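# Sequence unavailable; structure follows:
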Ligand SMILES: *Cc1c(COP(=O)(O)O)cnc(C)c1O
């Protein structure tokens, strides 16, 4: 191990020589972007792999979130979570919406029908829940609530690639689901993203919106954006898809090892697998309670850092602590109390397919010795 820094994630990459033939084809075709061969193939392959009806590929997840909001013409207030990566809320502000934050469940870390309902107003038009760490939201409850109030649901599914509930892709819930294929995510195209939708008409609208709003060679129907995924990204996605089951399997083994080694540590909480859920093990969050464990989350973070191990405080600070989201509606310590509790205690430990066993053991030993 030596002094090599250990980061919270490290992407696994297929052998470089396997990527060369894809590049040769692109060089030959001279088609670099705009729905080329690799792009078409990747949409087909991802639909099969994920078990979804329609998918539209994007240059990144954030532009995909924005386009999803545009596709459904979302205006007014949108209810979302304070416990996520900041891009979730940023997409709402960029789209001119008012983000409204609901508290999270202390077990799943997701917003729930029970926390969403009290913050619905007559200006609410949509809900943007996040399947945080790939743990499915209460999708049935949210669907019911959205039905009752006539709200659209766009899931930020950036963490949820490949996640299934009762053998059904979690991406099949809500009106739209948005994926991120960023380099730190479980399935990656360096940068990239996608919107999953359920009907041809919406897919067509999204495809136009991501291509400047063009509907044919000379007609522009909407104020679209450039959200296209290029051929090199799509080619890499095709190759990565061949390895994804292997990588997720390795992640699962890492999670199991952590759970085994840390199971008797007092004052520390880990997530468990949920019955009927097919997890992707993208993150390994733990909660550290200073009173019970004896050291704070920040102390553990610093201790690991001093050994060249870089865990991450995902998600601290909460989104509502950033200046553009501060608001007296949720500034007291009780409105978002679970989110604050978890944000103050969470630490994500290094997890990636090729992490060495001795690194896992070393991390666990450092957490145990205190
Ligand atoms: C990564 C991430 C995004 C943004 O995706 P990009 O592809 O990096 O733009 C959005 N939401 C969540 C929850 C994320 O983790």
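Received it, and whenever you're ready, just let me know what you need. What you are looking at is a predicted structure, and each value in this text was computed from that prediction instead of being measured.

# Strands of the stretch 251-370 of the chain, residue ranges please.
For the stretch 251-370 of the chain, the strands defined by DSSP state E, counting those that start in this stretch occupy 268-270, 277-278, 284-288, 309-310, 346-349.

# Given the third one, what are its sheet partners and their directions?
The one in question is strand 284-288. Paired strands of strand 284-288, with direction, are strand 268-270 (antiparallel), strand 346-349 (antiparallel) (DSSP bridges).

# tell me which residues of that strand are tucked away?
Neighbour-count burial for strand 284-288, with 16 or more other C-beta atoms under 10 Å as criterion, is recorded at 284, 285, 286, 287, 288. Where you see a C-beta, it was placed from the backbone N, CA and C, and this is true even at glycine.

# so can I have CSV of the residues you listed showing pLDDT and distance to the ligand?
Formatted as CSV, the buried residues of strand 284-288 follow (pLDDT from 0 to 100; distance: C-beta to the nearest ligand atom, whole Å):
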residue, pLDDT, distance to the ligand
284, 98, 15
285, 98, 13
286, 98, 18
287, 98, 19
288, 97, 22
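
# Where does the stretch 51-200 of the chain get nearest to the ligand, residue-wise?
Relative to the ligand, the nearest point of the stretch 51-200 of the chain is residue 61 (2.7 Å; C-beta to the nearest ligand atom).

# and residue 40, how far is that from residue 190?
19 Å (C-beta to C-beta, to the nearest Å).

# Compare those two and say which one has the larger neighbour count.
Each of residue 40 and residue 190 had its neighbours counted (other C-beta atoms under 10 Å), and the higher figure belongs to residue 190 (15 against 12).

# which ones are touching that one?
181, 183, 233, 236 (C-beta atoms under 8 Å, 6 or more residues apart in numbering).

# my read is it is in a strand, agree?
No - residue assignment for residue 190, taken from DSSP: H, G, I helix; E, B strand; the rest coil, gives coil, which places it outside any strand.

# ok, now how distant is it from residue 24?
From residue 190 across to residue 24, the span is 19 Å (C-beta to C-beta).

# cool, and residue 264?
Remark: distance between residue 264 and residue 24 (C-beta to C-beta) = 54 Å.

# same question for stretch 257-269, mean pLDDT?
pLDDT averaged over stretch 257-269 equals 96, rounded to a whole number.

# isn't residue 11 right next to residue 187, touching?
No - taking C-beta atoms under 8 Å as the contact criterion, residue 11 and residue 187 are not neighbours in contact, 10.1 Å apart.

# Tell me which of these two has more neighbours.
A side-by-side neighbour count of residue 11 and residue 187, using other C-beta under 10 Å, places residue 187 first with 24 against 16.

# where's the more buried one, which helix or strand?
Assigned by DSSP states H and E, residue 187 belongs to neither a helix nor a strand.

# right, and it touches residue 242 too?
No - proximity of residue 187 to residue 242 does not meet the contact threshold set by C-beta under 8 Å, at 11.5 Å.

# now the closest residue to residue 257 other than its chain neighbours: how far from residue 309?
Excluding the flanking residues, the one nearest residue 257 by C-beta to C-beta, 6 or more residues apart in numbering is residue 360, at 5.2 Å. The span separating residue 360 from residue 309 equals 11 Å under the rule C-beta to C-beta.

# Settle it for me: which of those two has more neighbours?
With neighbours defined as other C-beta under 10 Å, residue 360 and residue 309 compare such that residue 360 has more, 23 against 20.

# mind checking how far the more buried one is from residue 159?
Applying C-beta to C-beta, the value for residue 360 to residue 159 is 21 Å.

# Give me the pLDDT for residue 173.
In this model, residue 173 is scored at 98, pLDDT.

# swap in residue 333?
81.

# how about it, phi and psi?
The main-chain torsion angles of residue 333 are listed as degrees, to the nearest 10 and equal phi -80, psi 0.

# Can you tell me the closest non-neighbouring residue to it?
Distances taken as C-beta to C-beta, 6+ apart place residue 340 nearest to residue 333, at 6.4 Å, with adjacent residues excluded.

# My guess is that neighbour contacts residue 317. True?
No - the pair residue 340 and residue 317 does not pass the contact test of C-beta under 8 Å, sitting 9.7 Å apart.

# Between these two, tell me which one has more neighbours.
The residue with more neighbours, out of residue 340 and residue 317 and counting by other C-beta under 10 Å, is residue 340; that gives 22 against 13.

# distance of that one from the ligand?
Taken as C-beta to the nearest ligand atom, to the nearest Å, the spacing of residue 340 relative to the ligand amounts to 18 Å.

# Ok, residue 326 next?
20 Å.

# how many neighbours does the residue of the stretch 51-200 of the chain closest to the ligand have?
Counted by other C-beta under 10 Å, the residues lying close to residue 61 total 26.

# Then the one 3 residues further on?
Around residue 64 there are 30 other residues, counting by other C-beta under 10 Å.

# Assign residue 177 to helix, strand or coil.
Assigned with three-state DSSP, residue 177 falls in the strand class.
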